[in-house]
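> sequence-free structure coming up:
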Ligand SMILES: C[S@@+](CC[C@H](N)C(=O)[O-])C[C@H]1O[C@@H](n2cnc3c(N)ncnc32)[C@H](O)[C@@H]1O
């Protein structure tokens, strides 16, 4: 799976895409990442990417031309990629949406907004708008990283067996994972439930099923 991100702040992705599971996913050839600087497609000597909104209003909007060019550039490398816009919208990211992306393994081109957001015409190039929640962030970079992380960790050969996504929170409807404990068995008077120390697998499974939240 190839994931390309179009952003004004490529440096924000460095650490996140090269750490932990995202690093492992690349290392295991489950995914390749490419971060494209929207500024490279800016207009004129100042590489302008934003302008004032028609009709008045506060702030600046991202202009269509740089995104049209940047998406064209990304599509040359990945012609069948889905274009996803990170934007406050009615479709809020869920585990189910992430599972669908991971199962389909279609390449993705993710576009990040900034300032007051996108000129509406940019959405004519977009297959899906995704929000990460009912709140407004400064830019689409953190939302893009959230989407990438939640999808990529579900790709084959990324999570180890011990991390199996099948029993995680939201893998089965609204269920939240059962409580988990590690050593010591007692800490400051707080005890691990007896059944988990018993070694009796059937009872442990039963307890866990009963303790989904
Ligand atoms: C300051 S926001 C623009 C908000 C926009 N003027 C509005 O009222 O909906 C700038 C950019 O951040 C990103 N963004 C902000 N909140 C987001 C969210 N909840 N989910 C996804 N992207 C978000 C989008 O890319 C957006 O274009």
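Happy to help now that I have it. Small disclaimer: the values here were computed from a predicted structure and weren't measured.

> what lies in contact with the helix or strand that contains residue 103?
Per DSSP states H and E: residue 103 is located in helix 95-104. Contact with helix 95-104 is made by 91, 108, 130, 147, 150-152, 154-155, 169-171, as judged by C-beta atoms under 8 Å, 6 or more residues apart in numbering. The way it works is simple: take the backbone N, C-alpha and C, and place the C-beta from them, glycine included.

> again, 10 Å this time
1, 3, 30, 82, 84, 91, 93-94, 106, 108, 128, 130, 146-156, 158, 165, 168-174 (C-beta atoms under 10 Å, 6 or more residues apart in numbering).

> of the residues you listed, grab the buried ones for ChimeraX.
In ChimeraX, this line selects whichever of the contacts of helix 95-104 come out buried by 16 or more other C-beta atoms under 10 Å:
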select :1,3,30,84,93,108,130,146,147,148,149,150,151,152,153,154,155,158,165,168,170
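
> which ones among the contacts of helix 95-104 are found in helices?
146-152 (DSSP state H).

> next, the buried residues of stretch 194-212.
Under 16+ other C-beta under 10 Å, the buried positions of stretch 194-212 are 196, 204, 207-208.

> closest one of these to the ligand?
residue 208 (33.2 Å; C-beta to the nearest ligand atom).

> does that closest one sit in a helix or strand, and which one?
helix 201-210.

> tell me how the chain divides into domains.
2-152, 178-210 (automatic domain parsing).

> residue of this protein nearest the ligand, please.
Closest point on the chain to the ligand, by C-beta to the nearest ligand atom, is residue 113, at 2.1 Å.
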